[in-house]
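Undergrad: what shape does this take:
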Amino acid sequence: MNYKNPITEQALELVEEIGLFLEKTGYLPSAARVYALLMIWKDPALHFDDIQKILNLSKGATSKALHALTAIERVDMFTKPGIRKKYYRVKTFPGRDSSKNFLNYITKMKAYLMKIEAFKKDNDYAGVSLEDEIAFFDKLMDVFTQVLSEQ
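TA: Numbers count the residues shown, from 1 in each chain. Sure, this is the predicted structure:
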């Protein structure tokens with residue numbers, strides 16, 4: 001059977017562009033492209049086989065990508081009544097969720113920096129001062145918390 005790819009060349013280029021960006025932020029190459037495809041696709045969800053064919057991925061690469069995206073809660077899998085096929089859709093809001101994760105990271109990082117500063121003070125270590133970094137994280141946390149609470 002001859003498969004006609006239902007995606008335009010322009011859309012594929014956008015998937016590739018977004019995919020390259022996401023790769024640089026730590027996504028697997030195939031997961032980056034699958035996530036990009038699901039974000040720009042004309043329908044809210046795609047079937048596994050369609051994702052595989054559109055992106056020209058192997059079954060293994062498609063499965064690994066979807067598993068990775070499901071594990072980090074970027075993609076949701078569901079079935080339709082009476083149809084045994086699995087469908088996938090974007091589960092999250094990339095900006096808000098990434099910001100929440102980053103806020104969590106800087107909150108923990110700030111706590112570690114404070115712990116380091118306390119250790120250095122208690123043990124009379126000079127070392128590099130982390131006070132400016134701690135103050136920066138405080139300001140950043142305030143801004144992120146305010147913006148996220150408005151959503």
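
Undergrad: show me the shaky parts of the chain.
TA: 1-5 (pLDDT under 70).

Undergrad: any idea how it splits into domains?
TA: Structural domains assigned to the chain are 9-92, 95-149, following automatic domain parsing.

Undergrad: ends of the last one, how far apart?
TA: Just to be clear, that refers to domain 95-149. For domain 95-149, the separation between the terminal residues is 14 Å (CA to CA, to the nearest Å).

Undergrad: just how off-centre is stretch 40-47 within its chain?
TA: 18 Å (CA atoms, centre = their mean, to the nearest Å).

Undergrad: try stretch 104-123
TA: Distance of stretch 104-123 from its chain centroid, counting by CA atoms, centre = their mean, is 27 Å.

Undergrad: re the thing from before, want to try a markdown table for the domains of the chain, with mean neighbour count as columns?
TA: All C-beta spots, glycine's among them, are computed from the backbone N, C-alpha and C. Formatted as a markdown table, the domains of the chain follow (neighbours: other CB atoms under 10 Å):
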| stretch | mean neighbour count |
| --- | --- |
| domain 9-92 | 16 |
| domain 95-149 | 12 |
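
Undergrad: distance from the centroid: which residue in this protein tops it?
TA: residue 124 (41.4 Å; CA atoms, centre = their mean).

Undergrad: so that one: helix, strand or coil?
TA: Here residue 124 is recorded as coil under DSSP: H, G, I helix; E, B strand; the rest coil.

Undergrad: and if you look at residue 27?
TA: From three-state DSSP, the assignment for residue 27 is coil.

Undergrad: how much space separates it from residue 124?
TA: Distance of residue 27 to residue 124, given as CB to CB, to the nearest Å: 44 Å.

Undergrad: relative to residue 135, how far out is residue 8?
TA: From residue 8 across to residue 135, the span is 49 Å (CB to CB).

Undergrad: what does residue 60 give?
TA: 48 Å.

Undergrad: put the alpha carbons of stretch 131-143 into PDB.
TA: Output of stretch 131-143 as PDB, limited to C-alpha atoms (Å, rounded to 0.1, in the frame of the first residue of the first chain):
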ATOM      1  CA  GLU A 131      24.900  34.900  48.700                       C
ATOM      2  CA  ASP A 132      24.300  36.800  45.400                       C
ATOM      3  CA  GLU A 133      23.100  33.600  43.800                       C
ATOM      4  CA  ILE A 134      20.700  32.900  46.700                       C
ATOM      5  CA  ALA A 135      19.300  36.500  46.400                       C
ATOM      6  CA  PHE A 136      18.900  36.100  42.700                       C
ATOM      7  CA  PHE A 137      17.000  32.800  43.200                       C
ATOM      8  CA  ASP A 138      14.800  34.500  45.800                       C
ATOM      9  CA  LYS A 139      13.800  37.200  43.300                       C
ATOM     10  CA  LEU A 140      13.300  34.700  40.500                       C
ATOM     11  CA  MET A 141      11.100  32.500  42.700                       C
ATOM     12  CA  ASP A 142       9.000  35.500  43.600                       C
ATOM     13  CA  VAL A 143       8.400  36.400  40.000                       C
END
